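*Asks:* dropping a prediction and its sequence here:
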Amino acid sequence: MAPLTNRTVLIVGASSGIGAEVARQLAHSGNRFVLTARRAPKLAAVAEEVRAAGSDCLDIAADALDPSAAEEVVAAAEAEFGTIDIALLNAGQGPDMSMDRVSVTDVSRIMALNYDVVVNYLVPLIARMGGQRDGGLIAHTNSLAGLMGIPRQGPYSAAKAASRTLIDAARVELAPKNIRFTSIHPGFVDTARISEDGLPKPFQISKKQAARNVIRALEREPAQAYFPWPTAALVRTLRVLPTPVSSLVLRKLASRH
Ligand SMILES: NC(=O)c1ccc[n+]([C@@H]2O[C@H](COP(=O)([O-])OP(=O)(O)OC[C@H]3O[C@@H](n4cnc5c(N)ncnc54)[C@H](OP(=O)(O)O)[C@@H]3O)[C@@H](O)[C@H]2O)c1
């Protein structure tokens, strides 16, 4: 396992939560950073912490829903540091959303917020990394919720599953160019945006713990990383149970507050 040092790391979705914490934890290890998200002041504050820890850091406010903006961030990263060794595509969100209360527009928006944001970076990153001598690693913060249809998170589960499938195909196609792909599947993580959503969160972990797990995945580069183990074991079990049994368990879990 190679420790993460002397790499250029692009983090998309670095202004808060898991992405900001990954940047903070890696900032002491002699890496170069390109951090991006929409909220410029929050992003600038994270970038300042990274610089204070001794790492070069470029922060660029950009909306990952805009393909041209994503392309420009990738170009700016390459112009600043020459290569992009690791990209962590971390932007995404999964609000509480019951299927009898959503609009078609809500579902499309969740797909855009969790799938389009991946595609918009994936395409320009593959183009750039394909020309790099050592290829590169593209990691995506997916979710254990992407492994099955989680009640009250259906549109989010579907968008994360689509992202994983696309990345699975890219991994096979681009291995000859040494572009590696890691899908990272956290369970519930205590970040600000989900703390008030009222969803039950069994086995929730802190964002510091989540960031440590993400960094381990960036170091080891497995095709898929799952954590924490109790939630991962629960999801694995539910996937092999007969559907009537797993549906019953999921219904009970979703109704707990
Ligand atoms: N928290 C959990 O329980 C949990 C569990 C499993 C997976 N995840 C996944 O982990 C990732 C990080 O989530 P988090 O919990 O750390 O939430 P968070 O604090 O809201 O972080 C999301 C990050 O993505 C950025 N972002 C969102 N939409 C964006 C856009 N259109 N363009 C650019 N940046 C965008 C946000 O910044 P701006 O708002 O400033 O743009 C923020 O920096 C997400 O993909 C989420 O699905 C979270």
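*Replies:* That came through, no problem.
*Asks:* got a list of what Gly13 touches?
*Replies:* 19, 36-37, 64, 89-92, 117, 141 (CB atoms under 8 Å, 6 or more residues apart in numbering). Bear in mind the C-beta positions are built from the backbone N, C-alpha and C, glycine included.
*Asks:* would you reformat those as a markdown table and include neighbour count and secondary structure?
*Replies:* Output for these, formatted as a markdown table (neighbours: other CB atoms under 10 Å; DSSP: H, G, I helix; E, B strand; the rest coil):
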| residue | neighbour count | secondary structure |
| --- | --- | --- |
| Gly19 | 28 | helix |
| Thr36 | 30 | strand |
| Ala37 | 25 | strand |
| Ala64 | 25 | coil |
| Leu89 | 28 | strand |
| Asn90 | 25 | coil |
| Ala91 | 27 | coil |
| Gly92 | 26 | coil |
| Val117 | 25 | helix |
| Thr141 | 28 | strand |
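*Asks:* return the member of those residues nearest to Ala127.
*Replies:* Checking the contacts of Gly13 against Ala127 by CB to CB gives Leu89 as the nearest, at 15.0 Å.
*Asks:* how near is the spatially closest residue to the closest one that is not a sequence neighbour to the ligand?
*Replies:* Leaving aside its chain neighbours, Leu89 sits nearest to His140 (4.6 Å; criterion: CB to CB, 6 or more residues apart in numbering). Distance from His140 to the ligand, counting by CB to the nearest ligand atom, to the nearest Å: 8 Å.
*Asks:* please apply the same query to Gln209.
*Replies:* Distance, Gln209 to the ligand, using CB to the nearest ligand atom: 11 Å.
*Asks:* please apply the same query to Ala27.
*Replies:* 16 Å.
*Asks:* got a list of what the closest residue in space to Ala64 that isn't next to it in sequence touches?
*Replies:* Of all residues not flanking Ala64 in the chain, Val117 sits nearest, at 3.8 Å (CB to CB, 6+ apart). Val117 makes contact with 12-13, 64-65, 89, 91-92, according to CB under 8 Å, 6+ apart.
*Asks:* 7 Å instead?
*Replies:* Contacts for Val117 (CB atoms under 7 Å, 6 or more residues apart in numbering) come out as 64-65, 91-92.
*Asks:* CSV for the residues you listed, including pLDDT?
*Replies:* Shown next, in CSV, are these (pLDDT from 0 to 100):
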residue, pLDDT
Ala64, 98
Leu65, 98
Ala91, 98
Gly92, 97
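*Asks:* now the residue of the chain found nearest the ligand. Nearest residue, chain neighbours left out?
*Replies:* Closest contact between the chain and the ligand, by CB to the nearest ligand atom, is at Gly17 (2.1 Å). In space, and not counting its chain neighbours, Gly17 is closest to Thr191: 3.8 Å by CB to CB, 6+ apart.
*Asks:* Ser15 is in contact with that neighbour, correct?
*Replies:* No. Assessed by CB atoms under 7 Å, Thr191 is found out of contact with Ser15, at 11.5 Å.
*Asks:* gap between the helix or strand hosting Pro124 and the chain center?
*Replies:* Assessed by DSSP states H and E, Pro124 sits inside helix 117-129. How far helix 117-129 lies from its chain's middle: 14 Å, per CA atoms, centre = their mean, to the nearest Å.
*Asks:* many thanks, have a good one.
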